[in-house]
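>>> mind looking at a prediction? Sequence and model below.
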Amino acid sequence: MTIPITLSRLREMKTRAEKIACLTAYDASFAHVLDDAGVDVILVGDSLGMVIQGHKTTVPVTMEDMVYHSQAVAKGNETALLMVDMPFMACPTVDLALVNATRLMQEGGAQVVKLEGSGVQLEIVTELARRSIPVCAHLGLQPQSVHKIGGYRVQGRVANAAKAMLASARALEAAGADLLLLECVPEALATEITQAVTVPVIGIGAGVNCDGQVLVLHDILGVTAGKPPRFSKDFMVGAGSIAQAVALYVAEVRAGTFPDREHWFS
């Protein structure tokens, strides 16, 4: 019998320099495929707003959407750690964050909730951690803020922005975050942050030196509408099935061969 992945196991993997493989899923069938392939963390991402619902951003995704898809994924998953996004405006206050995080865990089956933000979220992370709600803090490019930041842009290239992100990472760990996720961050900065904190750091477009990697499932299967992100890779090329493509992704993450230089930013 396979032992379920826990936060303790992920911390052990970081200590042993064993790479963590994470992918998104939005339904039971794909959750089963990912679990069978040995994916460590399944993320029910608010990216479902774009790849499932057809929106241009993640902003329209609701709590009801996230609970529904989390329930579906939980039914198809037995081993992987289940992480679920807090959607846009799900945590503007501590009280509402507690209500919505509780829903994701009690109704959706989430084992970790993920929220975007840094300084403004410290109080919320502290309170969620105090209530024994595991948290992943998302830094770098934050898709829910796409209208504010003016598009999907690499974050942390300017020296003061890099310094601020490093400080945010340390502060979020001190506040009780169990995981960090870095999106579209220069490889050197992602490496520095990964080495500066003791919690596992998952990267997407953040270089090979993060403790693990995450991609959107549809991107690795080559079914993304429009131009795929630079940091993604179509693992269906050369694979005979979806299951083989997912297994290849896991193998390349484990070996440290994905991502390579064409899939990260400097």
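Yep, that arrived. Numbers count the residues shown, from 1 in each chain.
>>> just the CA coordinates of stretch 41-58, formatted as PDB?
Extracted in PDB, the C-alpha atoms of stretch 41-58 (Å, rounded to 0.1, in the frame of the first residue of the first chain):
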ATOM      1  CA  VAL A  41       1.200  17.300  -5.000                       C
ATOM      2  CA  ILE A  42      -2.000  17.800  -7.000                       C
ATOM      3  CA  LEU A  43      -3.100  21.400  -7.200                       C
ATOM      4  CA  VAL A  44      -6.700  22.300  -7.900                       C
ATOM      5  CA  GLY A  45      -5.700  25.600  -9.400                       C
ATOM      6  CA  ASP A  46      -7.900  28.600 -10.100                       C
ATOM      7  CA  SER A  47      -6.300  28.200 -13.600                       C
ATOM      8  CA  LEU A  48      -9.500  26.100 -14.200                       C
ATOM      9  CA  GLY A  49     -11.100  29.500 -15.000                       C
ATOM     10  CA  MET A  50      -9.000  29.600 -18.100                       C
ATOM     11  CA  VAL A  51      -8.400  26.000 -19.100                       C
ATOM     12  CA  ILE A  52     -11.900  24.600 -18.100                       C
ATOM     13  CA  GLN A  53     -14.200  27.600 -18.100                       C
ATOM     14  CA  GLY A  54     -12.600  29.500 -21.000                       C
ATOM     15  CA  HIS A  55     -12.100  32.900 -19.200                       C
ATOM     16  CA  LYS A  56      -9.200  35.100 -20.100                       C
ATOM     17  CA  THR A  57      -8.000  35.300 -16.500                       C
ATOM     18  CA  THR A  58      -8.500  33.500 -13.200                       C
END
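>>> how about that stretch: buried residues?
Neighbour counts over stretch 41-58 (16 or more other CB atoms under 10 Å) mark 41-51, 57-58 as buried. C-beta: built from backbone N, CA, C; applies to glycine.
>>> poorly predicted segments of the stretch 151-266 of the chain, please.
Applying pLDDT under 70 to the stretch 151-266 of the chain flags the ranges 151-155.
>>> that older thread, so can I have a markdown table of the buried residues of stretch 41-58 showing distance to Met66?
Shown next, in a markdown table, are the buried residues of stretch 41-58 (distance: CB to CB, whole Å):
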| residue | distance to Met66 |
| --- | --- |
| Val41 | 16 |
| Ile42 | 14 |
| Leu43 | 11 |
| Val44 | 7 |
| Gly45 | 9 |
| Asp46 | 7 |
| Ser47 | 11 |
| Leu48 | 8 |
| Gly49 | 10 |
| Met50 | 14 |
| Val51 | 14 |
| Thr57 | 15 |
| Thr58 | 11 |
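>>> so which of those residues are in strands?
If you go by DSSP state E, those have 41-44 in strands.
>>> hang on, Ser266 packs against Val185?
No - the pair Ser266 / Val185 is not scored as a contact, 10.7 Å apart, by CB atoms under 8 Å.
>>> so the closest residue to Ile220 other than its chain neighbours versus Val253, what's the distance?
Spatial nearest neighbour of Ile220, chain neighbours left out: Phe235 (4.5 Å); criterion: CB to CB, 6 or more residues apart in numbering. Counting by CB to CB, to the nearest Å, the gap from Phe235 to Val253 is 11 Å.
>>> likewise for Pro186?
20 Å.
>>> next: Ser70.
The value you get for Ser70 to Val253, if CB to CB is used, is 23 Å.
>>> what do you get for Trp264?
Where Val253 is concerned, Trp264 sits at a distance of 13 Å (CB to CB).
>>> what about the helices in the stretch 1-150 of the chain?
Ranges of helices in the stretch 1-150 of the chain, per DSSP state H, counting those that start in this stretch, are 7-15, 28-36, 48-51, 63-76, 94-106, 122-130, 146-149.
>>> what about Arg261, neighbour count?
Close neighbours of Arg261, defined as other CB atoms under 10 Å, add up to 10.
>>> ditto for Gly238
9.
>>> let's number from 5 now, not from 1
Got it, the first residue is 5 from now on, which makes the last one we talked about Gly242.
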